[in-house]
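Peer 1: Just a sequence and a predicted model for now, questions to come.
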Amino acid sequence: MKNFDEAGLAEPILRAVKEEGYEAPTPIQREVIPLMKEGEDILGIAQTGTGKTAAFVLPLLTRLAEDRKKPAPHTCRALILAPTRELASQIAESVRTYGQFIGPSVAVIFGGVKPGPQLRALSKGLDIVIATPGRLEDHMSTGGIKLDATTTVVLDEADQMLDLGFAPAIRRILGKLPKVRQTVLLSATMPIQIRNLAKEFLNNPHEISVAPVSRPIEKIDQSVRFLNSSSKRAALLDILSEDDIERAIVFTRTKRGADRVSGHLEKAGLSSAAIHGNKSQRNREKSLDGFKNGRIKILVATDIAARGIDIDGVSHVVNYELPNVPEAYVHRIGRTARAGKSGVAVSLCDATEQPYLRDIERLIGRKIPSGDSDWDGASGDVSTFDPTAEPQRLKRHKRPQNNRRRNGGGGANRSAGGAGRSAQGKAGENGARPAGAKPNAGRGRGKPNANARPGQKNGQNRSQNRAQSGRPRRAKPAAAQR
């Protein structure tokens, strides 16, 4: 199959594909489309940006175009599961684009929004439901949707769904589907959990691997800068201030880190927005729309949120913090060099992230070239940083010991500043007790007294000191005397 004319797609679907400017199918599309049209189960492995979405959406729409029967209320003919709200919305947009001439009934089901509109859409019956597992289960439990009439189920980005802890929900959902159905499982990586899931729910699947697992696209110009963590902010500004930046995505490991980096860019006069799981759905959609239309030039994202970002024209990806899972690096840089274009991926690596870098290089099978590693950041020259040295380990800070308690109240082990606070302290070092100071004998509770006679207890020595000093014994409270 060299072009879409040979793919056997329905005429309205083929017309929509051509209007989008696509002529030749990608390798994953050449393999998946014919098998899906035949109703076969598929286990597909393809890296990010290779056209997986169209690979399963086009044959689904062709089947709908050839059989326009109306689904029963609270049912759907096809179910697509996705790990994030953004990816679910992105798939729905592709369904509407490629199905514009047949008008399929579609609903996107995810959390973070009111369930009412979703329930109303489900009540009519739908051709395709695109959902995240958690919210779908909520509607299943209330009878909002039933899966007994679903003939095709697609799990997109299955590895990410398992990473998010959706494995039990996926098993429960698949258990509610008819035994006779078509199941398509697509993933960028293929960990052992995915294979176990395939063995459990797929029937003699055709395994398709169109590219080496987790190998980045060759059109991406990758580099790494070695620098101190305190220099990262200035280095980021240096990178994003270049004239060739069209759209850029900056990746952080944490949600809080994304907010901090976005705020720093805004203060520097660079239009940016942060996108992560703590943002409301409305806020996330607003940020993505601004990024698509060019109003926002830089998007700061976490790995989870970025799974649904399928936007052409991303010229740069910057790893502000390297991911601790090497496969995530491949997904990150796959946001650029899409639709046949080239892209740039720059990683900022401090000493504590060297193990992450080594894992990434081991996974992709190549050493990432070093960029401006001797870059002089705002906090000083980092040219002394040795990227080949053994990585520094973060030391756990111990709580400081209480020298007074440990040493029985003696001041010999305190700091020099504490020992020489005043002239009275110096007099104390010479053996003379400063005026008003308490006898040393009464300060080391539970510690042996050097002046006590052998066999004499500390309590006895304290009583003797009271007698010698003429101080009366303090009377006990009445309650303690009884």
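Peer 2: Perfect, thanks for sending it. The structure presented is a predicted model; accordingly, all values stated were derived computationally and were not measured.
Peer 1: contacts and neighbour counts: CA atoms only from here.
Peer 2: Noted.
Peer 1: Tell me which stretches of the stretch 101-250 of the chain form strands.
Peer 2: 106-109, 126-131, 152-155, 182-187, 206-209, 220-226, 248-251 (DSSP state E, counting those that start in this stretch).
Peer 1: Now that we have these, can you turn them into a markdown table and tack on distance to residue 98?
Peer 2: Converted to a markdown table, the strands of the stretch 101-250 of the chain look like this (distance: least, C-alpha to C-alpha, whole Å):
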| stretch | distance to residue 98 |
| --- | --- |
| strand 106-109 | 13 |
| strand 126-131 | 13 |
| strand 152-155 | 17 |
| strand 182-187 | 19 |
| strand 206-209 | 23 |
| strand 220-226 | 28 |
| strand 248-251 | 27 |
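Peer 1: care to break the chain down by domain?
Peer 2: Taking automatic domain parsing as the domain assignment, the ranges for the chain are 4-209, 220-381.
Peer 1: looking at these, which has the lowest confidence?
Peer 2: Between the domains of the chain, the lowest average pLDDT goes to domain 220-381, which shows a mean of 86.
Peer 1: what's the residue nearest the centre of the chain in contact with, if anything?
Peer 2: The central residue of the chain, meaning the one whose C-alpha is nearest the mean C-alpha position (C-alpha atoms, centre = their mean), is residue 303 at 3.7 Å. Taking C-alpha atoms under 8 Å, 6 or more residues apart in numbering as the criterion, residue 303 is in contact with 251, 252, 253, 328, 332.
Peer 1: now residue 7
Peer 2: Listed by C-alpha under 8 Å, 6+ apart, the contact partners of residue 7 are 1, 30, 33, 34.
Peer 1: Who wins on neighbours among those?
Peer 2: When neighbours are counted by other C-alpha atoms under 10 Å, residue 33 leads the contacts of residue 7 with 23 neighbours.
Peer 1: now for the strands of the stretch 101-250 of the chain, which one comes closest to residue 359?
Peer 2: Proximity to residue 359, assessed across the strands of the stretch 101-250 of the chain by C-alpha to C-alpha, is greatest for strand 220-226 (13.9 Å).
Peer 1: Would you mind listing the buried residues in that closest one?
Peer 2: Taking 16 or more other C-alpha atoms under 10 Å as the neighbour-count basis, strand 220-226 is seen to contain the buried residues 220, 221, 222, 223, 224, 225, 226.
Peer 1: and what of stretch 19-39?
Peer 2: With burial defined by 16+ other C-alpha under 10 Å, the residues of stretch 19-39 counted as buried are 25, 26, 27, 28, 29, 30, 31, 32, 33, 34, 36, 37.
Peer 1: Now do it: everything it contacts.
Peer 2: By C-alpha under 8 Å, 6+ apart, the residues outside stretch 19-39 that reach it are 1-4, 7-8, 17, 41-42, 44, 46, 50-52, 54-56, 58-60, 63, 182, 208-210.
Peer 1: One more pass at 6 Å, please.
Peer 2: Taking contacts as C-alpha atoms under 6 Å, 6 or more residues apart in numbering, the residues outside stretch 19-39 that touch it are 3, 55, 59, 182, 210.
Peer 1: re earlier: for the contacts of residue 7, which one is nearest residue 160?
Peer 2: Within the contacts of residue 7, distances to residue 160 taken as C-alpha to C-alpha reach their minimum at residue 33, with 23.1 Å.
Peer 1: Can you get me a residue count around residue 118?
Peer 2: By the other C-alpha under 10 Å criterion, the neighbourhood of residue 118 contains 16 residues.
Peer 1: With adjacent residues omitted, what lies nearest to it?
Peer 2: residue 109 (6.5 Å; C-alpha to C-alpha, 6 or more residues apart in numbering).
Peer 1: on that earlier part again, quick one: which of the contacts of stretch 19-39 sit in helices?
Peer 2: The helices, defined by DSSP state H, take in 55, 59 from these.
Peer 1: Just the buried residues from the contacts of stretch 19-39, in PyMOL please.
Peer 2: In PyMOL syntax, the buried subset of the contacts of stretch 19-39 is picked out as below (16+ other C-alpha under 10 Å):
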select buried, resi 55+59+182+210
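Peer 1: would you turn the contacts of stretch 19-39 into TSV with distance to residue 280?
Peer 2: Formatted as TSV, the entries for those read as follows, by distance: C-alpha to C-alpha, whole Å:
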residue	distance to residue 280
3	41
55	30
59	33
182	34
210	36
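Peer 1: Mind listing what's buried along stretch 270-289?
Peer 2: Buried residues in stretch 270-289, counting neighbours by 16+ other C-alpha under 10 Å, are found at 270, 271, 272, 273, 274, 275, 276, 281, 284, 285, 287, 288.
Peer 1: in the stretch 1-150 of the chain, which spans are helices?
Peer 2: With DSSP state H, counting those that start in this stretch as the criterion, the stretch 1-150 of the chain has helices at 11-19, 27-37, 52-66, 85-98, 116-123, 133-141.
Peer 1: ok, the buried residues of stretch 19-39 vs residue 78, which is closest?
Peer 2: When those are compared for distance to residue 78 (C-alpha to C-alpha), residue 36 wins out at 12.5 Å.
Peer 1: Distance check, that closest one against residue 281.
Peer 2: Plainly put, residue 36 is 33 Å away from residue 281 if you go by C-alpha to C-alpha, to the nearest Å.
Peer 1: just residue 351 next, same as before
Peer 2: Distance check for residue 351 against residue 281: by C-alpha to C-alpha, it reads 36 Å.
Peer 1: try residue 332
Peer 2: As judged by C-alpha to C-alpha, residue 332 and residue 281 stand 22 Å apart.
Peer 1: Over to residue 300?
Peer 2: From residue 300 over to residue 281 the distance is 16 Å, taken as C-alpha to C-alpha.
Peer 1: what's the answer for residue 274, then?
Peer 2: Distance from residue 274 to residue 281, counting by C-alpha to C-alpha: 13 Å.
Peer 1: Same check on residue 234?
Peer 2: Between residue 234 and residue 281 the distance, using C-alpha to C-alpha, works out to 31 Å.
Peer 1: Ok, residue 363 next?
Peer 2: Spatial separation of residue 363 from residue 281 under the definition C-alpha to C-alpha is 34 Å.
Peer 1: likewise residue 40?
Peer 2: Look at residue 40 and residue 281: by C-alpha to C-alpha, they are 36 Å apart.
Peer 1: Is it correct that residue 336 is in contact with residue 311?
Peer 2: No: between residue 336 and residue 311 there is no contact under C-alpha atoms under 6 Å: 8.6 Å.
Peer 1: quick one, which of those two is more surrounded?
Peer 2: Neighbours per residue, other C-alpha under 10 Å: of residue 336 and residue 311, the larger number sits with residue 336, 30 against 16.
Peer 1: Where does that one fall, secondary structure wise?
Peer 2: Per DSSP states H and E: residue 336 is located in neither a helix nor a strand.
Peer 1: residues contacting it?
Peer 2: Contacts here follow C-alpha under 6 Å, 6+ apart; on that basis residue 336 touches 314, 315, 343.
Peer 1: Can you report how many residues lie near the second one?
Peer 2: Going back to what we said before, that points to residue 315. What residue 315 shows, counting by other C-alpha under 10 Å, is a neighbour count of 21.
Peer 1: Now it. Nearest residue, chain neighbours left out?
Peer 2: Of all residues beyond its chain neighbours, the one nearest residue 315 is residue 343 (5.0 Å), with distances taken as C-alpha to C-alpha, 6+ apart.
Peer 1: Pretty sure the one you found sits against residue 220.
Peer 2: Yes: Residue 343 sits in contact with residue 220 when judged by C-alpha under 6 Å, with a separation of 4.7 Å.
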